[in-house]
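Colleague: here is my input; please provide its structure:
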Amino acid sequence: MRRKKDDCIFVLISLLTVISLLFTPSLFGSEPQLQVGEAKIIYGSGASASGRWRPSWSLQLLALKDGSLVLGDSGYSLWSSDRGNSWFTGVPLPSQHVLQLRNGSFYALEHETKPKNGEGLFIGRKLEVSKLQKQVSELVEKRWSDVPVTVKRWTDLHGDDGSRVGTFRFGSPMLELEDGTLLMGKAGNFKGDLESMQGFVPTKGEKWFKYRTYLLKSGDRGKSWNYFSTVAYDGVSGQESFCEPAIVDLDNGELLCVMRTGRYAPMYQTRSFDNGKTWQTPQPLKTLGLSPMMVLLPNGVLVCSFGWRPFKDLPSMAGGGAYGVALEDYKKRFQNWVGIEDPSGDAGDYVMISRDKGNTWSQPTKIAEPLTAGYTLLAVTGVDSVLVLSRRIVIEGLSRKDVLQKWDSEWEKGWNKKSGVVIEARKITVRP
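Modeller: Coordinates of the predicted model:
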């Protein structure tokens with residue numbers, strides 16, 4: 001009788017253990033629940049717009065309130081009136097920073113600013129128009145006006161290629177809060193940010209310091225911009241620290257920000273409950289990623305897209321180069337977190353979702369194999385659907401395998417100048 005009772009207790013404990021495992025929350029606590037559509041080339045080889053435009057890193061994908069999609073920059077644009085099924089060329093966007101406001105009008109900022117007398121003071125240019133035009137004949141005159149910018153602790157920095165960024169540049173994302181406040185996410189350096197970025201060796205006075213992510217705020221409908229808060233900075237996380245932010249407004253003062261931290265480092269996220277004034281300590285998402293993009297579906301589901309590239313051997317860069325140093329750092333600090341032994345083998349573009357405001361995320365689902373740039377674009381197309389764009393790096397006449405080989409070993413020998421970009425579109429549906 002006692003043995004039977006013990007067996008029942010054992011079975012009960014086992015059952016409770018299984019139940020607890022099933023319902024214990026974790027960072028990746030739910031299955032993807034995604035339906036990934038087939039890739040459709042909308043620009044590049046086989047597309048009608050092929051050959052007339054080389055897409056820049058600053059591309060925007062806008063989902064307009066009338067249901068249209070606009071992909072472009074100040075040099076070119078593609079429009080879709082059927083949620084990305086077909087595209088036609090239209091008027092270029094006025095800049096690479098365009099926001100449709102809640103009232104339906106558009107607010108745009110030129111990328112560059114000019115220094116103004118005084119530390120951390122700059123003058124940029126803004127444009128406000130009632131609508132974006134699809135056809136050249138309908139193009140309205142651009143009425144640009146000056147906009148003052150104040151970022152007191154701002155300091156110059158250098159890009160990956162060593163070029164100096166000598167004045168403030170506007171960034172992304174931009175979003176409008178319910179009360180009309182405008183926010184902008186930025187990454188860069190402030191005075192005192194002196195933690196060196198490994199893999200970059202100065203030769204002519206270049207400065208490569210780990211980034212911080214911060215917010216600018218406009219409380220006057222975009223007439224002026226001012227530093228508002230630091231979202232994340234520690235000079236330690238990742239190989240580059242916090243950069244390339246994606247930010248969504250979850251209402252009632254709650255904002256969520258997901259950020260890149262390096263070539264082979266986990267993305268991190270942090271949360272604000274006071275409309276961006278203060279932020280929680282950033283937490284690692286334990287998945288690699290570059291330039292995350294994030295949207296909130298009408299059904300309340302968060303969708304995040306991102307990617308990363310394979311290892312690239314650049315022997316001319318002293319100290320192993322940024323890729324080599326990043327890979328070694330990944331093996332030392334992050335491999336146990338992420339659980340991927342060879343990041344090159346899992347490179348590509350990914351999507352993950354959250355049904356609880358980013359407290360837990362589904363396991364990332366790969367949607368595109370390499371060689372992609374790792375910089376996705378994302379737009380809402382329905383109550384339960386998004387369109388994800390991938391930028392595939394191609395060389396005419398070479399297979400994907402051959403391009404990967406060139407990337408790995410010969411990219412610096414001029415192959416990059418022969419490359420082009422194919423833009424692939426995939427519809428992602430979040431299953432009920």
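
Colleague: which helix or strand lies directly C-terminal to the helix or strand bottoming out on mean pLDDT in the chain?
Modeller: Taking mean pLDDT, DSSP states H and E as the measure, the chain has helix 2-23 as its least confident helix or strand, at a mean of 36. Using DSSP states H and E, the helix or strand that follows helix 2-23 towards the C-terminus is strand 34-36.

Colleague: mind listing the strands for the stretch 301-432 of the chain?
Modeller: Taking DSSP state E, counting those that start in this stretch as the test, the strands found in the stretch 301-432 of the chain are 302-308, 348-354, 365-368, 377-382, 385-394, 420-430.

Colleague: right, and residue 381 touches residue 63 too?
Modeller: Yes - contact criterion CB atoms under 8 Å: residue 381 and residue 63 qualify, at 7.0 Å. From N, CA and C alone the C-beta is placed, and that goes for glycine too.

Colleague: need the overlap of contacts for these two.
Modeller: residue 69 (CB atoms under 8 Å, 6 or more residues apart in numbering).

Colleague: count the residues that sit near the closest residue to residue 156 other than its chain neighbours.
Modeller: Nearest-residue entry for residue 156: residue 166, 5.1 Å, with adjacent residues in sequence omitted and distances by CB to CB, 6 or more residues apart in numbering. Neighbours of residue 166 under the rule other CB atoms under 10 Å: 10.

Colleague: likewise for the one 4 residues further on?
Modeller: By the other CB under 10 Å criterion, the neighbourhood of residue 170 contains 24 residues.

Colleague: and it, how far from residue 61?
Modeller: Using CB to CB, to the nearest Å, residue 170 is found at 18 Å from residue 61.

Colleague: re earlier: let's have the strands of the stretch 301-432 of the chain in CSV, adding mean neighbour count and distance to residue 87.
Modeller: As requested, the strands of the stretch 301-432 of the chain are exported to CSV (neighbours: other CB atoms under 10 Å; distance: least, CB to CB, whole Å):
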stretch, mean neighbour count, distance to residue 87
strand 302-308, 27, 19
strand 348-354, 24, 19
strand 365-368, 19, 18
strand 377-382, 20, 13
strand 385-394, 23, 11
strand 420-430, 20, 8
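
Colleague: of all those strands, which one is nearest residue 341?
Modeller: Of all the strands of the stretch 301-432 of the chain, it is strand 302-308 that lies closest to residue 341, at 14.7 Å by CB to CB.

Colleague: name the strands paired with the closest one and say parallel or antiparallel.
Modeller: strand 290-296 (antiparallel), strand 348-354 (antiparallel) (DSSP bridges).

Colleague: show the end-to-end separation of stretch 197-217, please.
Modeller: Stretch 197-217 has its terminal residues 28 Å apart, counting by CA to CA, to the nearest Å.

Colleague: chain center to that stretch: distance?
Modeller: Relative to its chain's centre, stretch 197-217 lies at 18 Å (CA atoms, centre = their mean, to the nearest Å).

Colleague: buried set for it?
Modeller: Residues of stretch 197-217 classed as buried by neighbour count (16 or more other CB atoms under 10 Å): 197-200, 207-217.

Colleague: so, low pLDDT: which residues of this structure?
Modeller: The model of the chain has pLDDT under 70 over residues 1-32, 45-56, 135-142, 313-320, 412-416, 432.

Colleague: ranges for the helices of it?
Modeller: Taking DSSP state H as the test, the helices found in the chain are 2-23, 321-329, 335-338, 400-409.

Colleague: residue 164: neighbour count?
Modeller: Residue 164: 13 surrounding residues under other CB under 10 Å.

Colleague: same check on the one 10 residues further on?
Modeller: Using other CB under 10 Å as the criterion, residue 174 is surrounded by 22 other residues.

Colleague: mind checking the end-to-end distance for stretch 276-285?
Modeller: Stretch 276-285 has an end-to-end distance of 20 Å (CA to CA).

Colleague: quick check: the gap between the nearest residue to residue 265 once chain neighbours are set aside and residue 218.
Modeller: Closest residue to residue 265 apart from its sequence neighbours, by CB to CB, 6+ apart: residue 238 at 3.3 Å. Distance of residue 238 to residue 218, computed by CB to CB: 29 Å.

Colleague: these two - which one has more neighbours?
Modeller: residue 238 (28 against 22).

Colleague: surely the more buried one touches residue 266?
Modeller: Yes - contact criterion CB under 8 Å: residue 238 and residue 266 qualify, at 7.2 Å.

Colleague: what is in contact with the two at once?
Modeller: Counting by CB under 8 Å, 6+ apart, residue 238 and residue 266 have no contacts in common.

Colleague: so what's residue 72 closest to, chain neighbours aside?
Modeller: Nearest non-adjacent residue to residue 72, counting by CB to CB, 6+ apart: residue 93, 4.8 Å away.

Colleague: what sits against the one you found?
Modeller: 60, 62, 70, 72, 73, 74, 77, 108, 132.

Colleague: show me which of those residues is closest to residue 125.
Modeller: Nearest to residue 125 among the contacts of residue 93 is residue 108, at 9.1 Å by CB to CB.

Colleague: so that closest one sits against residue 92, correct?
Modeller: No - judged on CB under 8 Å, residue 108 makes no contact with residue 92 at a distance of 11.5 Å.

Colleague: the more surrounded of the two?
Modeller: Neighbour totals were compared for residue 108 and residue 92, and residue 108 leads with 23 against 15 (other CB under 10 Å).

Colleague: partner residues bridging the more buried one?
Modeller: For residue 108, the beta-bridge partners are residue 98, residue 127 (DSSP bridges).

Colleague: measure residue 360 to residue 354 for me?
Modeller: For residue 360, the distance to residue 354 - CB to CB - is 6 Å.

Colleague: residue 227 now?
Modeller: Separation of residue 227 from residue 354 (CB to CB) stands at 29 Å.

Colleague: counting neighbours, what do you get for residue 356?
Modeller: 13.

Colleague: please name the residues that touch residue 193.
Modeller: Residues near residue 193 by CB under 8 Å, 6+ apart: 155, 209, 210, 211, 212, 233, 235.
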